[in-house]
Every structure is written in C-alpha cells, then in structure tokens.
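*Asks:* please find the sequence and the predicted model below.
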Amino acid sequence: MHILMRTLTFAALSVVALGSPAMMRAVQPSPWSNFNDNPIFYPNINATSWRTLYGRTLQLSDKSILLSWEDYDPAAALTYFPIWKSTDGGASFKYFSRVDDQVNGWGNWYQPFLYALPEPFGGYPKGTILLAGVSTPRDLKEAYIDLYASANKGRDWEFVSHIVYGPGREVIDRGEQAIWEPFLHMHKGQLICYYSTQVDPNHNQKLSHKTTKDLRHWSQEVDDVAEPDSSVRPGMATVAYSPVSKKYVMTFEYCGGPIASGCPVYYKVSNSPLAFGSVTSQPIIPNDGQLNPNGSPFVIWTLEPGNNGNGIFIASGNSREEIFVNTDAVDPNGWKPINVGQWSAYSRELRIINTPKDSAAQGEQKLLITNGGNIGCSGSCYNFVANGVVDIPNYPRS
C-alpha cells in the first residue's frame, strides 16, 4: 500500500459531481460483449475508509465470474469480503456470498485475492477456491494475512490458516509492523504467497513470500525485493508466468526509487518464482515519451491473438489508463502502451476470461479489467466498483 494519493480520473469525477449514486447508473452492457467503465456496486455513502477499493475476480470452470473487494459496510458489526457473481461475462453481478472473519473476531478488511487450485492440494480437490486477505481489528493494532477456502464454488467458506502475522499497527507509517497485499501462485507442488511487509526493522517495507505444501503450515519468509536503502518502499507484488519463454515476471511499485517521484512501476524477470530476490529490478518505461506508469501495478500473461502460440505480458499502473504490453522475451525496451478506454484505479486488476461459443463473443478470450476506486477517496469523491471487457490486444510492431 503506497503513500501516493490519487483521485479518480476526470471522467469519473464528472459523474461523481452528480451527487447521487443512483444517478450514475449506466446502461447495462449486453451479455458477453465489450464495454468500458461499467458500474457494478455503489457503496453506502456513509461507508467508512474508501467505501470500496481493490477489486479482484476469478473465473470458474462454468465461465461464471466471482468478484470481491475491500468493503466498509456501515451496517456490519465486522467488515467482510463480499462475493458477487456474474453469469454474463461481467456485464452484471449479483450478491452471492461473503467471507467473514471466523477466527480473530476482528473482521476481514484489506486486499482480498481469489485463486482456484489448479490441482488437488492440501486435502482439497482441484478447483477449490482460495481467498487470502488481511484481517485486522478496527483499532488496527495487529493483523494476519489469512487463508479461506470454498469447495462449492464460492457459496460457503472455511478458515484454513494464518499465513503471516503483523504485530501492527496496520498503517503505512514507517516503523509500524504492518503486512499487506497477498498474491497466490502454485508452483511444483507448493503454493506461494507473495506479500508486502513492514515487520523487518531494517526496511521501510519489503516484498517477501512464504510457501506451503498443505495449506496449513507455511515456510519461513524469503525476500523478493529488499533494498539496502531502508528509506525506499517497494510494494504490491503481482506475478505472471509465460509457458512459452518459461519466464516469470513480478511487477511492483517502488516508492522513493531513483527515477521519479511517487511510486513508479518496476519489474523483475526470473526463471523461478522462488528466486526473485537474486534478480535486478528495472522500471517499465513506455516508448511514447511520457511518464513511467506510477503506483499499484498488476501483470498477467496470455497468448497473443493470431500469433501462432506466442504470448504477451500485460501490465497496468495506477497513473495511466493505458495498459503496457511486452512480448515473451520481456525486452526492457519493449513495453508499449495501449489505450483500452478503462478508468485507471488503485491496483486495477487484469484477467483473461473465456466466453461461451454460443455467445456474442463466439468463444473468444477477452481481457477483463476491474476497478475498485482510488485510495484517498473517502470524503471528496465517491469510490465504487466498475469493470470493462475489451479484446486482447496485439503487440504493436510498427
């Protein structure tokens, strides 16, 4: 979680100025179509903190899509992670379930992350849905990154394990022992959880990971980005893998780094998802002569349409509406911006979704972009959850 505070884009502010969430309703998109800036959920105007933040999705085997986010329901005694469901390609969502804090008595507060087991693991069958997120009490005095599981496609949830403990307080102030931003990835019979941690007194913040072979017992912490300059603050790691080049890419924000003010987006390339700590980081600088994307990045990999089995990495940063595309080779000079017409947002999520062959999309894969709003937006503007679906871009080669 970075210090950079950024409000919604001008387009978003223009509708917020209308003053009433009900007035912001757009025409609902057609099922399995392309669309941009589609409002999904408007929180209560009295909701605390940022009202909503940090949207995350997961597509299931039946092509339905689950969605969660940070939610600050003023009517709830304890905060929880809502689970909403779409059966029409993200055009509309309905409430489906919720993930309550079952063990700490604090509430589930920050950065939910959804993941489906790609194989049987830890006593759970293939396809079991995992949710990792931060649980902390209202006074933020301590925190856990906790793991929950659903064996019935997100309808019911059970606590599985504590992944990481932060003695607190759960705030971004230097010297506070907070933990943030879990990201899950399966690799060779073990589940990896990447996260940000302020617990080490030698670092303002660093990126680390733990692994598990049974979902209940977690390894010792291993550092992925731990700079010797204790004043800098890397954060918000996400990881993507190319089965073509066998390369893993980690993106993260690098607050206080050498190239720009704010929190420019950096990345690492590794042959192993467990070995980012030994790899040099570098910034994503697009070739359009403009500013490096800044803040809360996300990265995915997908096959490039019509390119004979070759793939592309797609990255996003908070300060730019564009996405940034590179080939399997991950050429440092190869990142190119592409306008997808979707509002920028704090930790805007990217996901490739499958469409039915009998739908308007005719079975083509699409790029789903999910927005939860912007950090710092609580009184002066109105966060809500929105999304967009666009064609997967080709890498610009001209």
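*Replies:* Alright, I've got the coordinates.
*Asks:* and the gap between G105 and D73?
*Replies:* The spacing between G105 and D73, counted by C-beta to C-beta, to the nearest Å, is 17 Å. (C-beta placed from N, C-alpha, C; glycine too.)
*Asks:* who's more crowded, the two?
*Replies:* Higher neighbour count among G105 and D73: D73, with 17 against 9, using other C-beta atoms under 10 Å.
*Asks:* isn't there a strand covering W109?
*Replies:* Yes. According to DSSP: H, G, I helix; E, B strand; the rest coil, W109 belongs to a strand.
*Asks:* burial measure for it, as a count.
*Replies:* Neighbours of W109 using other C-beta under 10 Å come to 24.
*Asks:* begin at 386, not 1, for the rest of this chat.
*Replies:* Renumbered: residue one is now 386, and that last one reads W494.
*Asks:* contacting residues for it?
*Replies:* The contact partners of W494, by C-beta atoms under 8 Å, 6 or more residues apart in numbering, come to E455, T464, G518, V519, S520, T521, E555.
*Asks:* from the residues you listed, pick the one nearest S449.
*Replies:* Lowest distance from S449 to the contacts of W494 (C-beta to C-beta) belongs to G518, with 20.9 Å.
*Asks:* so where does the closest one fall, helix or strand?
*Replies:* Assigned by DSSP states H and E, G518 belongs to strand 514-520.
*Asks:* can you spell out which helices and strands pack onto that strand?
*Replies:* Applying 3 or more C-beta pairs under 8 Å, 6 or more residues apart in numbering; DSSP states H and E, one finds that strand 514-520 contacts strand 493-501, strand 528-535, strand 564-572.
*Asks:* can you list the strands that that strand pairs with?
*Replies:* On the basis of DSSP bridges, the sheet neighbours of strand 514-520 come out as strand 493-501 (antiparallel), strand 528-535 (antiparallel).
*Asks:* tell me the buried residues in the longest one?
*Replies:* Of the residues in strand 493-501, those buried by neighbour count under the rule 16 or more other C-beta atoms under 10 Å are N493, W494, Y495, Q496, P497, F498, L499, Y500, A501.
*Asks:* tell me what the third one is bridged to.
*Replies:* Same thing as Y495. Per DSSP bridges, the residues bridged to Y495 are V519.
*Asks:* wait, doesn't it sit right on L525?
*Replies:* No. No contact is recorded between Y495 and L525 when judged using C-beta atoms under 8 Å, the distance being 9.9 Å.
*Asks:* any residues in contact with both of the two?
*Replies:* Here Y495 and L525 have E555 as joint contacts, going by C-beta under 8 Å, 6+ apart.
*Asks:* how far away is the spatially closest residue to L443 that is not a sequence neighbour from W454?
*Replies:* With sequence-adjacent residues excluded and distances taken as C-beta to C-beta, 6 or more residues apart in numbering, L443 is closest to L499, at 3.8 Å. As for L499, its distance to W454 is 11 Å (criterion: C-beta to C-beta).
*Asks:* returning to that earlier point: for S732, find the nearest of the strands paired with strand 514-520.
*Replies:* strand 493-501 (8.0 Å).
*Asks:* give me the below-cutoff pLDDT ranges for the stretch 536-685 of the chain.
*Replies:* Applying pLDDT under 70 to the stretch 536-685 of the chain flags residues 645, 674.
*Asks:* tell me which of the helices and strands packed on strand 514-520 sits nearest to N768.
*Replies:* Nearest to N768, of the helices and strands packed on strand 514-520 and by C-beta to C-beta, is strand 493-501 at 14.3 Å.
*Asks:* the closest one vs strand 564-572, what angle?
*Replies:* 10 degrees (axes from the mean of the first three to the mean of the last three C-alpha atoms, to 10 degrees).
*Asks:* any idea of the mean pLDDT for strand 493-501?
*Replies:* Strand 493-501 shows a mean pLDDT of 98.
*Asks:* let's see that strand as PDB, backbone CA atoms only.
*Replies:* This file holds the C-alpha atoms of strand 493-501, laid out as PDB (Å, rounded to 0.1, in the frame of the first residue of the first chain):
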ATOM      1  CA  ASN A 493     -11.700  -9.100   7.100                       C
ATOM      2  CA  TRP A 494     -10.500  -5.700   5.900                       C
ATOM      3  CA  TYR A 495      -7.900  -5.400   3.200                       C
ATOM      4  CA  GLN A 496      -6.800  -6.700  -0.200                       C
ATOM      5  CA  PRO A 497      -8.800  -9.900  -0.900                       C
ATOM      6  CA  PHE A 498      -7.200 -12.200  -3.500                       C
ATOM      7  CA  LEU A 499      -9.100 -15.000  -5.200                       C
ATOM      8  CA  TYR A 500      -7.300 -18.100  -6.600                       C
ATOM      9  CA  ALA A 501      -8.500 -21.500  -7.800                       C
END
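*Asks:* can you tell me the closest non-neighbouring residue to G719?
*Replies:* Nearest residue to G719, sequence neighbours excluded (C-beta to C-beta, 6+ apart): N711, at 4.7 Å.
*Asks:* how many residues are close by the one you found?
*Replies:* Number of residues near N711 (other C-beta under 10 Å) recorded here: 24.
*Asks:* what's the first helix or strand after the helix or strand it falls within?
*Replies:* Element membership for N711, per DSSP H and E: strand 708-712. Counting by DSSP H and E, the next helix or strand C-terminal to strand 708-712 is strand 721-723.
*Asks:* joint contacts of L499 and W454?
*Replies:* Contacts common to L499 and W454, judged by C-beta under 8 Å, 6+ apart, are R441.
*Asks:* residue contacts, the closest residue to G553 other than its chain neighbours?
*Replies:* Counting by C-beta to C-beta, 6+ apart, E527 is the residue found nearest to G553 once chain neighbours are left out, at 4.0 Å. Applying C-beta under 8 Å, 6+ apart to E527 gives the contacts T521, Y550, G551, P552, G553, R554, E555.
*Asks:* of the residues you listed, buried ones?
*Replies:* Buried members of these, scored by 16+ other C-beta under 10 Å, are T521, G551, G553, R554, E555.
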